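J.: Pasted the sequence and its predicted model underneath.
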Amino acid sequence: MAYLIHGGTTLTGDQGRARDWSDAPLAIAGEQLVLPGETQREARRFDAGGLLVLPGMVDLHGDAFERQIQPRPGTIFPHALALADTDRQLAGNGITTACHGLTYSWEGGLRGHDAAVALLDTVASLRARAQVDHRIHLRFENHHADGLADALAWIAEGRIDFLAFNDHLPSIAAKLTRPGQLAAYAERGRCSDDVFIARLQHAMRQADRTDATVASLAAACRARAIPMASHDDVGATDRLRYEALGVTICEFPKTDAALRTAVDLGNQVVMGAPNVLLGGSHCGGLSAAAAVAAGECTILASDYYYPSMLQAAFTLAAEGLCSLPQAWSLVSANPAKALGLDDRGCIEPGRRADLVLVDASDETNVRLAATFCGGRLVYCAQPQRLQGPDRLALAA
């Protein structure tokens, strides 16, 4: 299918050039952006008058899909049904490339072996008919030494696109003293309270294996050029240790020391778009908005709420913390670069035709008008803008 998008204001340029705005039409042929010309004589036209045309968003870290699988305690829905709904949500929120945060943990249940295999298999089967590009972000719990062989096999099979090292065991153990927390974790683990405690204690006994486990996974990822992140770095020591293993993405740093160390190392720093919209971290972490304003945060991810990425970029610009082109790089060009996806994240001929068309007349409540992914119109809230083939000659 060929399209001609005209009348809009397009964000052009990429990380290597200054970004700028253009009112020139955009042409799509197949999966790519092309120069408007004679090949678009029979293209479908999309009237983008009054809209901003921006690169499709790349979500480096999102686990909201878990709520489609297990939306309430005691409910478990098939992965195929859950991911089909997630696919529609992503397209409807302008996310054209999504890294699903598959947490592989000693906890079991929703984050255990069977659930991991189900997600891997479902995403693989979904790709051929999905609206957007689905990828796997393996969030490996460092104390899950028993899961190392599985993770290495998935890496060798080419099923992992991005890996993050996680260590949530200390925080989970601390929270179990709070009323209701044990029951909540056991529910997610799909087990009794006693079984969850036994799993926790077993994982604690694996502490002397975590360094070797992390090193093995890092080596496997380096061999296949899989980008890696460390999650929740507590201080400079954490960041330096992971940097030495080739882990160059700092995901959700917990302290100023970890953040500053990542910046000094030239690492990509990922923070949550919900953090921007909520005015700060919901769990007492660093302020994403402040980090963006200081030039220290380079990537915003949906984290647990897909709609947050679109609005967060405009909120940052509206509050004067950065320009809109700079804000949009946080959700498009920068995460694409971090994942090694050179074919997307900016608008220019030869790149993937991943686009979002946005009504930003109210910057406090921007509205998505349409999403194109790989040259296909996968979401359209304003179908009246779409016209059939126009056989009039187009200016070259």
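T.: Yes, it's here.

J.: contact partners of stretch 84-95?
T.: With Cβ atoms under 8 Å, 6 or more residues apart in numbering as the test, stretch 84-95 has contacts from 56-59, 62, 64-65, 68, 96, 98, 100, 126, 130-132, 134, 302, 306-307, 309-310, 356, 358, 368, 371, 373, 378-379. All C-beta atoms are positioned from the backbone trio N, CA, C, and that covers glycine.

J.: Where does pLDDT dip in the stretch 251-396 of the chain?
T.: For the stretch 251-396 of the chain, the stretches flagged by pLDDT under 70 are 389-396.

J.: ranges for the strands of it?
T.: Applying DSSP state E, counting those that start in this stretch to the stretch 251-396 of the chain gives strands spanning 268-272, 299-301, 355-359, 367-373, 376-380, 386-389.

J.: tell me the most buried of those?
T.: When the strands of the stretch 251-396 of the chain are scored by mean count of other Cβ atoms under 10 Å, the highest mean neighbour count falls to strand 299-301 (a mean of 30).

J.: That one: partners in the sheet, and parallel or antiparallel?
T.: strand 268-272 (parallel) (DSSP bridges).

J.: List of residues touching the strand it pairs with?
T.: With contact meaning Cβ under 8 Å, 6+ apart, strand 268-272 is reached by 60-61, 229, 248-253, 259, 262-263, 281, 286, 288, 291-292, 296-304, 308, 334-335, 337-338.

J.: Out of those, list just those in helices.
T.: Of these, the ones assigned to helices by DSSP state H are 259, 262-263, 288, 291-292, 308, 334-335, 337-338.

J.: And the residues you listed, which two are furthest apart?
T.: Farthest apart among these by Cβ to Cβ are 263 and 308. That separation is 23.1 Å.

J.: So these two - more neighbours on which side?
T.: Counted by other Cβ atoms under 10 Å, residue 263 and residue 308 do not tie: residue 308 has more neighbours, with 26 against 19.

J.: For residue 71, see how far away that one is.
T.: Distance, residue 308 to residue 71, by Cβ to Cβ, to the nearest Å: 19 Å.

J.: Now the terminal residues of stretch 104-112, how far apart.
T.: By Cα to Cα, to the nearest Å, the extent of stretch 104-112 from end to end equals 6 Å.

J.: pLDDT averaged over that stretch - what is it?
T.: Average pLDDT, stretch 104-112: 97.

J.: so residue 230 makes contact with residue 238?
T.: Yes - assessed by Cβ atoms under 8 Å, residue 230 is found in contact with residue 238 at 6.5 Å.

J.: Give the residue from the two that has the larger number of neighbours.
T.: Neighbour comparison, residue 230 and residue 238: the larger count goes to residue 230, with 27 against 23 (by other Cβ under 10 Å).

J.: what helix or strand does the closest residue to the more buried one other than its chain neighbours sit in?
T.: Computed as Cβ to Cβ, 6 or more residues apart in numbering, the closest residue to residue 230 that is not its neighbour in sequence is residue 242, at 4.0 Å. For residue 242, the host element (DSSP states H and E) is helix 236-243.

J.: Give me the distance from that helix to the chain's centre.
T.: Its chain's C-alpha centre and that of helix 236-243 lie 23 Å apart, by Cα atoms, centre = their mean, to the nearest Å.

J.: Which strands and helices lie in contact with it?
T.: With contacts defined as 3 or more Cβ pairs under 8 Å, 6 or more residues apart in numbering; DSSP states H and E, helix 236-243 has these neighbours: strand 228-231, helix 256-264.

J.: Restrict it to CA atoms and write it as PDB.
T.: The C-alpha atoms that make up helix 236-243 are tabulated as PDB, following Å, rounded to 0.1, in the frame of the first residue of the first chain:
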ATOM      1  CA  ALA A 236      28.200   4.100  41.500                       C
ATOM      2  CA  THR A 237      29.600   0.700  42.400                       C
ATOM      3  CA  ASP A 238      26.600  -1.100  40.800                       C
ATOM      4  CA  ARG A 239      26.900   0.900  37.600                       C
ATOM      5  CA  LEU A 240      30.600   0.500  37.300                       C
ATOM      6  CA  ARG A 241      30.300  -3.300  37.800                       C
ATOM      7  CA  TYR A 242      27.800  -3.700  35.100                       C
ATOM      8  CA  GLU A 243      29.600  -1.300  32.800                       C
END
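
J.: ok, the residue nearest to residue 230 - how many residues close by?
T.: When neighbours are defined as other Cβ under 10 Å, residue 242 has 24 of them.

J.: those helices in the stretch 101-250 of the chain, which residues are they?
T.: Applying DSSP state H, counting those that start in this stretch to the stretch 101-250 of the chain gives helices spanning 113-126, 148-156, 169-175, 181-189, 193-204, 210-223, 236-243.
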